[in-house]
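Peer 1: predicted model and sequence below, questions to follow.
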Amino acid sequence: MKQSNILIPTLKEVPSDAEIKSHQYLIRAGYVRQSARGIYSYLPLAQNVKNKIEAIVREELAEIGATEVLMPVLQPAEIWKESGRWDKYGADLMKMKDRHNRDFALGPTHEEMVTDLLRDDINSYKKLPLTVFQIQTKFRDERRPRFGLLRGREFLMKDAYSFHSETETLDATFDDMAKAYGKILDRCGLQWRSVIADSGAIGGKGSREFQVIAEVGEDTIVYDKNSDYAANVEMAEVYYEAKPSTAAKESLTKVATPGMKSIADVVAGLNVPIEQTIKSLLVQADDEVVMVLVRGDHEFNDVKLKNMLDLDTIALADETVAMTVMGADYGSLGPINAPAEMKIYADNNVQDIVNATVGANESDFHFQNANHGVDFTVEAFADLRMVQAGDLTPDGKNTLSFAKGIEVGHIFKLGTLYSEAMKATYLDENGRQQPFIMGCYGLGISRLMAAIIEQTADDKGLVWNKLLAPYHVHLIPIKPADEAQAALTTEIEQLLKENNLTSLIDDRKERPGVKFADSELIGLPVRVTIGKRAAEGVVEVKVRATGESFEIEVAELVAKIN
Ligand code: ATP
Ligand code: MG
Ligand code: MG
Ligand code: MG
């Protein structure tokens, strides 16, 4: 392929908004272009790499018996209402209306869609288990789209879903999927860990994340060097060592009244991080309104809150579908479907923060003054802390190791969460209707591309391995117009082709320095420079990953490259 025929708009300057190297190089090396925040076009090189990642994913999923489907991106609101997530999913769900004023969502994930699809056609246990997957564009209106392909608002995901009549086969598929993910990440040349994870907005019982080790990762993982134990720090067992005091529990239990729903249900719909090390917790309730405000320093989540407060014993009103959470930077404030009449009991400090963050006018909140120590207490939670260096592994034998990770995959045992809500049933051996037992398995294709770059790129640019490289060899004739160089370039191109190696030929009239710099940026595994010794059939080879370079006769080239 001739470089003059491909759109590869390389840049010398680092784009000002690109903070991390995958983002910087994807732009600078001419792989992607941003259209709006978190929304990108894939130019030919990125599209090529993306196709290679997808090919690996397809191969490994075929290996475990999953078959590919393609479901709609545009999803009718009805199925989201059935599952309850139309309201619970939060502001990340991109909603729209058609010309008849009917509500739709652009799929952020496809549990509802796949459950709706299979409930019509799978009606007997004889047809189970069954696993389908798709590779598709997903939409999430992320609060903070950033880091290029790592956190987009439009991004590519492989999502798989499995249906079962027995938990045993769900467990087996879950394990198969975990193994397939491991193989995919190995083939991508990555250092990664599979960790115990929180199920978040997807829900369900039991999940694992696949974390690519990288400094820029937003997740912290803790692991035991001497065993398989690894957990997202949110889920690290030692986390819960500081239990709330009895007084705190009592003050919370006051809000319970008979017939109320569990706070776990309320919190389950929450798609925002709750902060750890709670500094301010306000709870107040009357018959229909409860609001909890949490403020702190670190990521914190619903499962931890539930455990910490022992919330199974606490009940809240049905109408109580709101919880607001604030981060230390107050950037993650998330009003979740606050009912219009929602009252918040908060002190002035919190009111100021809420108003400053969401804007007093946009806020649905109606504040009631509440005084610390009178209407609510916070001290009881002060001793809660995250695991830290020196803490022991769950078996007590070692100290925990820490690393930063990029979550590239997340697999869940959903159980009957969606099938019960959506009445998706099959007939069992005794002719009885049973809800499907389900699993779901996400892998971020576009995020994976960025994560690979975070681990492999160096200070000159991208560094692809042979499996993922858009082309295997970068051919660089110093003077493309020179007859001997042109002839040898064509000869090598042919030779590589015969040996199933692809090449990119830099036929541009640019200075060698420009060509070499672009070549390092683009990151093909091998560079072959055709220069002064072309007439003798001698070229220079440079290996991108190691920087090793040597002269070689063309006859030996293929053997050396392979
Ligand atoms: P995060 O914690 O980073 O927001 P998530 O837990 O919300 O991710 P899941 O719902 O578990 O994501 O989705 C499955 C996979 O989809 C993730 O493991 C990740 O690889 C990918 N993914 C999720 N959100 C994004 C995004 N905004 N941009 C790119 N990839 C994403
Ligand atoms: Mg998310
Ligand atoms: Mg996550
Ligand atoms: Mg996840």
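Peer 2: Noted; the coordinates are in hand. Numbering: from 1, shown residues only. Ligands and ions are numbered 1, 2, ... in the order given.
Peer 1: span of stretch 526-534 from start to end?
Peer 2: Start-to-end span of stretch 526-534 (Cα to Cα, to the nearest Å) is 18 Å.
Peer 1: run through who's touching it.
Peer 2: 472-479, 482, 484-485, 487-489, 492, 516, 519, 539-544, 551, 557, 561 (Cβ atoms under 8 Å, 6 or more residues apart in numbering). Every C-beta, even on glycine, is put in place using the N, C-alpha and C of the backbone.
Peer 1: helices - which of those land there?
Peer 2: Using DSSP state H, the members of these that fall within helices are 484-485, 487-489, 492, 516, 519, 557, 561.
Peer 1: could I get the contacting residues of Lys466?
Peer 2: By Cβ under 8 Å, 6+ apart, the contact set of Lys466 is 472, 525.
Peer 1: swap in Ser22?
Peer 2: Applying Cβ under 8 Å, 6+ apart, the residues near Ser22 are 147-150, 216, 449-451, 453-454, 457.
Peer 1: using CSV, lay out those together with distance to ligand 1, pLDDT and neighbour count.
Peer 2: Output for these, formatted as CSV (distance: Cβ to the nearest ligand atom, whole Å; pLDDT from 0 to 100; neighbours: other Cβ atoms under 10 Å):
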residue, distance to ligand 1, pLDDT, neighbour count
Phe147, 9, 95, 20
Gly148, 10, 96, 29
Leu149, 7, 98, 26
Leu150, 6, 97, 28
Val216, 12, 96, 17
Met449, 10, 98, 26
Ala450, 8, 98, 28
Ala451, 8, 98, 29
Ile453, 14, 98, 28
Glu454, 13, 98, 22
Ala457, 18, 98, 20
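Peer 1: pretty sure Cys440 contacts Phe163?
Peer 2: No - Cys440 is beyond contact range of Phe163, at 10.4 Å (criterion: Cβ atoms under 8 Å).
Peer 1: low-confidence ranges, the protein, go.
Peer 2: Applying pLDDT under 70 to the chain flags residues 199-205, 236-386.
Peer 1: what residues does it put near ligand 1?
Peer 2: 109, 140, 142, 151-152, 155, 157, 200, 202, 407-410, 442, 444, 446-447 (Cβ under 6 Å from any ligand atom).
Peer 1: how does it look with 8 Å?
Peer 2: Those residues of the chain that sit near ligand 1, judged by Cβ under 8 Å from any ligand atom, are 38, 108-109, 138, 140, 142, 145, 149-153, 155-157, 159, 200-202, 209-210, 218-219, 271, 406-410, 412, 442-444, 446-448.
Peer 1: next step: those restricted to strands.
Peer 2: Taking DSSP state E as the definition of strands, these contribute 138, 155-157, 159, 209-210, 219, 406-410, 412, 442-444.
Peer 1: show the buried residues in those residues.
Peer 2: 138, 155-157, 159, 209-210, 219, 406-410, 412, 442-444 (16 or more other Cβ atoms under 10 Å).
Peer 1: ok, for the closest residue to ligand 1 within the stretch 151-300 of the chain, nearest residue in space, not its chain neighbours?
Peer 2: The stretch 151-300 of the chain approaches ligand 1 most closely through Phe155 (3.6 Å), counting by Cβ to the nearest ligand atom. Excluding its sequence neighbours, the residue lying closest to Phe155 (Cβ to Cβ, 6 or more residues apart in numbering) is Ser446, at 4.6 Å.
Peer 1: I figured the one you found hits Lys50, correct?
Peer 2: Yes - if you go by Cβ under 8 Å, Ser446 and Lys50 touch, sitting 7.3 Å apart.
Peer 1: what's the overlap in contacts for these two?
Peer 2: With Cβ under 8 Å, 6+ apart as the test, Ser446 and Lys50 both reach Leu156.
Peer 1: in helices, which of the contacts of Ser22 fall?
Peer 2: Reading helices off the contacts of Ser22 with DSSP H, I get 449-451, 453-454.
Peer 1: okay, these in TSV with distance to Arg187 next?
Peer 2: Shown next, in TSV, are the ones in helices among the contacts of Ser22 (distance: Cβ to Cβ, whole Å):
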residue	distance to Arg187
Met449	14
Ala450	17
Ala451	14
Ile453	16
Glu454	17
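Peer 1: now flag whichever of these is closest to Ala91.
Peer 2: Distance to Ala91, by Cβ to Cβ, is smallest for Ala450 among those, at 23.7 Å.
Peer 1: so that closest one sits right up against Leu26, yeah?
Peer 2: Yes - under the criterion of Cβ under 8 Å, Ala450 makes contact with Leu26 at 7.1 Å.
Peer 1: identify the contacts common to these two.
Peer 2: Common contacts of Ala450 and Leu26 (Cβ under 8 Å, 6+ apart): 148-149.
Peer 1: Asn123: what's it in contact with?
Peer 2: 426-427.
Peer 1: kindly report the same for Asn232.
Peer 2: If you count contacts by Cβ under 8 Å, 6+ apart, Asn232 has them with 195-198, 209, 211, 219-221, 405.
Peer 1: and which of those is nearest Asn101?
Peer 2: Of the contacts of Asn232, the one sitting nearest to Asn101 (Cβ to Cβ) turns out to be Asp198, at 37.1 Å.
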